[in-house]
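Peer 1: coords please:
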Amino acid sequence: MHCHQVRKKLSSYQDGQLPPTEMKKVREHLRHCPDCAMQLQELESVWTTLGKVEQFDSAPFFWAKLSHRLNQTSEKKARRQRAGFLPRISPVPVLAMLLLTFSLLSGFYLGKTLFIYATPGAETASGKQYESLLAINSFDELTDESVADVYQSIISDDTQ
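Peer 2: Next up is the predicted model:
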C-alpha cells in the first residue's frame, strides 16, 4: 500500500473497523514506514487528549434545536440553488434613485417655467427669434437654372 492510501485509513484502522485483510496490509505498512507510524501516533495522542476534556451537560433540547436550525438552513440553500440564486435588491437605494430622478426632473421643469415668467418679455423675445429663423426662405429666390448657374450668380453678387 502507498502512504496516501494508508493515511486515509488510519482512523478506521485505529477504531478496528477495517476488514482483516486491509488491517494486515496497514499494519505491515506501518512497520516499514516511520512517517505513517508517526501519523498514527499523532492521531492517538489527539484522541487521548480529547478523552481528557471535561464533558458538560447541554441545555435541554439544545441538540434538537440545533439540528432543526441546520435543516432549515440547508433547505434554504437548496431552494436558492433550485430557483437560481438572484441577488436580493434592497428597496432603499431604488427608492432613493427614484426620488433623486423625480427631484431633478421637476427642478428642471420648474426652473424653466419660472425663468420664462420671471423675465419680462422673455417669451416674446425668444418667440420672435424663433419665428424669424422659421421665416428664412433662402430657396424661394432660386429659379429653374442649374446649380452651376446659381453658384455663378451668388459669386458674382458677392464680388460687386
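Peer 1: which is the next helix or strand following the least confident helix or strand in the chain by mean pLDDT?
Peer 2: Lowest on mean pLDDT, DSSP states H and E among the helices and strands of the chain sits helix 122-134, with a mean of 59. With elements assigned by DSSP states H and E, the helix or strand that comes after helix 122-134 is helix 147-159.
Peer 1: buried set for that following helix?
Peer 2: The neighbour-count check on helix 147-159 (16 or more other Cβ atoms under 10 Å) flags nothing as buried. Where C-beta positions appear, they are placed from N, C-alpha and C, glycine not excepted.
Peer 1: Might you calculate how far it sits from the centre of the chain?
Peer 2: From the chain centre to the centre of helix 147-159 is a distance of 66 Å (Cα atoms, centre = their mean, to the nearest Å).
Peer 1: export it as CSV, just CAs?
Peer 2: Taking Å, rounded to 0.1, in the frame of the first residue of the first chain, the C-alpha atoms of helix 147-159 are listed here in CSV:
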residue,chain,number,x,y,z
VAL,A,147,-26.8,74.6,-59.8
ALA,A,148,-23.8,75.9,-61.6
ASP,A,149,-25.7,79.0,-62.8
VAL,A,150,-27.0,79.7,-59.3
TYR,A,151,-23.5,79.4,-57.9
GLN,A,152,-22.2,81.7,-60.6
SER,A,153,-24.8,84.3,-59.7
ILE,A,154,-24.0,84.1,-56.0
ILE,A,155,-20.3,84.6,-56.7
SER,A,156,-21.0,87.5,-59.0
ASP,A,157,-23.3,89.1,-56.4
ASP,A,158,-20.5,88.9,-53.7
THR,A,159,-17.8,90.5,-55.9
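Peer 1: pLDDT averaged over that helix, what's the number?
Peer 2: Averaging pLDDT along helix 147-159 yields 71.
Peer 1: Noted, bye for now.
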